[in-house]
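In: Got a sequence here, can you model it:
(one chain, ligands or ions: 2)
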Amino acid sequence: MKTNYQLRYAAHPSDAKSYDTERLRKEFLIENLFKADEVNMVYSMHDRLVVGGAMPVKENLQLESIDPLKQPIFLRNREIGIFNVGGKGKIKVGDTSYELDYKEALYLGAGDREVYFESIDPSTPAKYYFNSATAHRNWPDKKVTRADAEVAELGSLETANHRIINKMIVNQVLPTCQLQMGMTELAPGSVWNTMPAHTHSRRMEAYFYFEVPEGQAVCHFMGEPQETRHIWMKGDQAVISPEWSIHSGAATSNYTFIWGMAGENLDYGDQDFSKITDLK
Ligand SMILES: O=C(O)C(=O)C[C@H](O)C(=O)CO
Ligand SMILES: [Zn+2]
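Out: Ligands and ions are numbered 1, 2, ... in the order given. Have a look, this model is predicted:
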C-alpha cells in the first residue's frame, strides 16, 4: 500500500483574488483521492483539516500517520469522520469492526488505535472519503447512517436548489471536538447548492462532490462574496473553502456532496448569508 500526502498553506483573501486558474486549482482543488490500494491526503493549514480518500482493492489499507502530524499514530491527537462512497466495506478500529454501506459514515474519536480500511468485494471496492481535525479529548466512536441524521429540506425546484441536507456527524447526533460533517443530496432538476451563499469566519469547510454523472461537471464558486472565483470540478473531487470564502456550486445535473468543517465552534447555523443579488 502507499500513503501520499500534500501540505497546503493557508491563503489570504487579498492574495487569492489575484490567483489565475492554475494557482486556484493548485491551492484549493483536491483531484486524486481514490487510487487503487492508496491512501491520499491533503493536510490543509486552514484549521489543520486533513482531507483524504482510501480505496482498498487488493489489500487492506492502514490509516498511517503522516509526517506533518509528528505522531506515530494518526488518531493520537485527532478525530476523523469517514464516509463510504463506494461498494460495501469494513473499517477495523483496534479490536472493533464496523461495516459501512454506501453513504454510511463512521466517527472515530481521538485515541491510540490503528485503523484499517477494507472492501468486502474487490470488484466493487469501497471508497472512503474522510476529514480529520485536531482533538483535545477522545469522544466515543460511532457509526452514523442517514436514519440518525438531522435532516433539513431546503430550496425549491423553481429556483433549481431543492436539496436534502443530512447533518450526520454534528453535535445534535454525537459529541465531537471540532468536526462537523454531512451529506447534501440535490433533487433531480436542481443544480445549485448553498444558494443563497454564506461564509462562516469561525470555521473553514471542505466539499467533496460525487454522484456527478459521467460527462457532467460542477462549477464550484469560492472567494469573498464581493470577489468570487470559480473552479470547474468533476465527481470524486474535493475543494477547500477558507473561512473567508463562500462555498457554493452549480452543476450540469443534480449530484450529492459531503461537507466537513472545523474551527472555532460547532454551531452549524453560525453562517453569514449574502444576498444573491449582492454577489460579485
Ligand atoms: O446545500 C447546502 O446549503 C449545504 O449543504 C450547506 C453546507 O452544509 C454548509 O455550507 C454548511 O456550512
Ligand atoms: Zn458552509
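In: My understanding was that L108 contacts F74; is that so?
Out: No: between L108 and F74 there is no contact, the gap being 9.5 Å when judged by C-beta atoms under 8 Å. For glycine as for every other residue, the C-beta is placed from the backbone atoms N, C-alpha and C.
In: anything in contact with each of these two?
Out: I80, V115 (C-beta atoms under 8 Å, 6 or more residues apart in numbering).
In: Would you mark the buried spots in the longest helix anywhere in the chain?
Out: The helix that spans the most residues within the chain, counting by DSSP state H, is helix 21-28. Residues L24, R25, E27, F28 are the ones in helix 21-28 that count as buried (16 or more other C-beta atoms under 10 Å).
In: filter the residues you listed by proximity to ligand 1?
Out: Among the buried residues of helix 21-28, no residue lies close to ligand 1 (C-beta under 6 Å from any ligand atom).
In: so can I have TSV of those showing pLDDT?
Out: Shown next, in TSV, are the buried residues of helix 21-28 (pLDDT from 0 to 100):
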residue	pLDDT
L24	98
R25	98
E27	98
F28	98
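In: which one of the residues you listed sits closest to G235?
Out: Sorting these by distance to G235 puts R25 at the head of the list, at 16.1 Å, by C-beta to C-beta.
In: Next, find the distance separating the closest one from Y255.
Out: Here R25 is placed at a distance of 19 Å from Y255 (C-beta to C-beta, to the nearest Å).
In: Also Y43?
Out: Taken as C-beta to C-beta, the span from Y43 to Y255 is 26 Å.
In: Which residue of those two possesses the greater neighbour count?
Out: The neighbour count for Y43 versus Y255, taken as other C-beta atoms under 10 Å, is higher for Y255 (24 against 18).
In: Surely the more buried one touches G235?
Out: Yes: the criterion here is C-beta under 8 Å, and Y255 meets it with G235 at 7.2 Å.
In: intersection of neighbour lists for those two?
Out: Y209, F210, E211, V212, P213, V218.
In: Counting neighbours, which of those residues end up buried?
Out: Y209, F210, V212, V218.
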